[in-house]
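Peer 1: need a structure here:
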Amino acid sequence: MTTLGIRASLVALLAMAACAEVPPDGVGTPAPLVTEATRAVAAAPAPQAPAPIVAPVTVAAPVRSGPAAFPLPAPLATTQTTMPSDAVRVAAAVVDRLRGGSGMAAGVLFSNAAGAAVGAAHADVPGFDWHDTRLLQYTGQPGPDRTAAATLEFVDEFNRRAAILFSATYGVADEPIEVKDITIAPLYSLNPRVLLYAIAARDLPQAAPPKTPGALLQIAAAFGMPWREEALAEGDYVLAVFVMDRISPSAKFTVAVGERGGTEGFSDTARYLEQDNFRAAVIPAHLSAATAKTWVKAIVTPGVEVDAGDRAPFVAGLFPLDPRTQTAGE
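Peer 2: Residues are numbered from 1 along each chain as shown. Below is the predicted model:
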């Protein structure tokens, strides 16, 4: 894809409207999971509707089939050590500008228009640190200007990931480098990682229920255990399911409890949390021999980034509820 092609794709996507969708309850036959005790500790107030996100951009995930709007080209470089130094400096300046800086720490100036575009993108996620850069395009212009397009990946303390896509035109004839024009927006995963924590009901702190996925993840990491870590005893639990990659505000995330196959299942007891396009769900459960053939399914329905005919829901995470086969989670 040419530089013009990348920038045209970005401009087109910037014009798309994005709105959050509230995940619906699933349907199916109730499984013998819920007790009054676990329902009480898992209940949380309905989350507030997330703020609208401006200008979504997506990349096609290589392990998912089906077309996605404006798939990105294969990267030219996947580490900063193999990127041109001026592109590295511009990437660092973009991160600095997103965090409220000027970019001059990297020896980069932004034109008024470019600086305003970075601020208007609303692409920063508080609590996430810059982790990786992938260079997608690097082209010299007639004269001293250059264009670079890249993705920036950010991670938090729990290894949740958020990504940003930018394409910038900048001058290198003089110091400092001047970013003259930039297009920037969030980038969403089409095949997100899913993690489940099990928290014994007796260990759940008696504080106010968490209101964001990040707050819930802190509680789960402190008082629970990742699903694969060790076998669970029978008893009452709160199961916390996390989408570990940022997904589109137009995508749907639901959880269901039922038989292993398909996306159907019972989900009336699930509670959902959402912030900055990260999602989480809480399910009360009683683990026993009666749950031996019951599974927790994390279900994602793609949003507007995927062609309408390819938006069928799929199981992004599958976890058995039999404590004797607990380590078989997928």
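
Peer 1: only C-alpha atoms for contact and neighbour calcs from this point on.
Peer 2: Fine.

Peer 1: center of the protein - which residue?
Peer 2: The chain has Arg246 as the residue nearest its centroid, 1.1 Å off, counting by Cα atoms, centre = their mean.

Peer 1: hang on, isn't that residue packed against Tyr188?
Peer 2: Yes - Arg246 lies in contact with Tyr188 (Cα atoms under 8 Å); the separation is 5.6 Å.

Peer 1: so what sits against both of those two?
Peer 2: 162-163 (Cα atoms under 8 Å, 6 or more residues apart in numbering).

Peer 1: ok, back up a step: residue contacts, the residue nearest to the centre of the chain?
Peer 2: 160-163, 188-189, 192, 276-279.

Peer 1: work out for me the element Leu239 sits within.
Peer 2: Counting by DSSP states H and E, the element that carries Leu239 is strand 235-243.

Peer 1: now the helix or strand where Ala215 lies against strand 235-243, angle please.
Peer 2: Ala215 is part of helix 213-223 when elements are defined by DSSP H and E. Calculated by axes from the mean of the first three to the mean of the last three Cα atoms, to 10 degrees, helix 213-223 forms an angle of 140 degrees with strand 235-243.

Peer 1: how about helix 213-223: buried residues?
Peer 2: Buried residues in helix 213-223, defined by neighbour count with 16 or more other Cα atoms under 10 Å: 213-214, 216-217, 219-220, 223.

Peer 1: average pLDDT across that helix?
Peer 2: The predicted model gives helix 213-223 an average pLDDT of 95.

Peer 1: other SSEs contacting that helix?
Peer 2: strand 194-200, strand 235-243, strand 271-275, strand 278-287 (3 or more Cα pairs under 8 Å, 6 or more residues apart in numbering; DSSP states H and E).

Peer 1: please enumerate the helices of the stretch 1-150 of the chain.
Peer 2: Assigned by DSSP state H, counting those that start in this stretch, the stretch 1-150 of the chain shows helices spanning 3-14, 36-42, 85-98, 112-120.

Peer 1: which parts of the strand holding Leu239 are buried?
Peer 2: Using 16+ other Cα under 10 Å as the test for burial, strand 235-243 gives 236-243.

Peer 1: for stretch 112-120, same thing?
Peer 2: The neighbour-count check on stretch 112-120 (16+ other Cα under 10 Å) flags 114-115, 117-118 as buried.

Peer 1: sorry, back to before: so can I have CSV of the contacts of Arg246 showing neighbour count and pLDDT?
Peer 2: Shown next, in CSV, are these (neighbours: other Cα atoms under 10 Å; pLDDT from 0 to 100):
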residue, neighbour count, pLDDT
Arg160, 18, 97
Arg161, 24, 96
Ala162, 28, 96
Ala163, 25, 95
Tyr188, 26, 92
Ser189, 20, 92
Pro192, 18, 96
Asp276, 20, 92
Asn277, 23, 94
Phe278, 22, 97
Arg279, 24, 98
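
Peer 1: so which of those is the closest to Ser267?
Peer 2: Arg279 (15.7 Å; Cα to Cα).

Peer 1: residues in contact with the nearest residue to the closest one once chain neighbours are set aside?
Peer 2: Once flanking residues are discounted, Arg279 sits nearest to Val243: 5.4 Å by Cα to Cα, 6 or more residues apart in numbering. When contacts are counted by Cα under 8 Å, 6+ apart, Val243 touches 192-195, 278-280.

Peer 1: confirm that Leu190 sits in a helix.
Peer 2: No - under DSSP: H, G, I helix; E, B strand; the rest coil, Leu190 falls outside any helix and is assigned coil.

Peer 1: ok, now how distant is it from Val243?
Peer 2: Separation of Leu190 from Val243 (Cα to Cα, to the nearest Å) stands at 11 Å.
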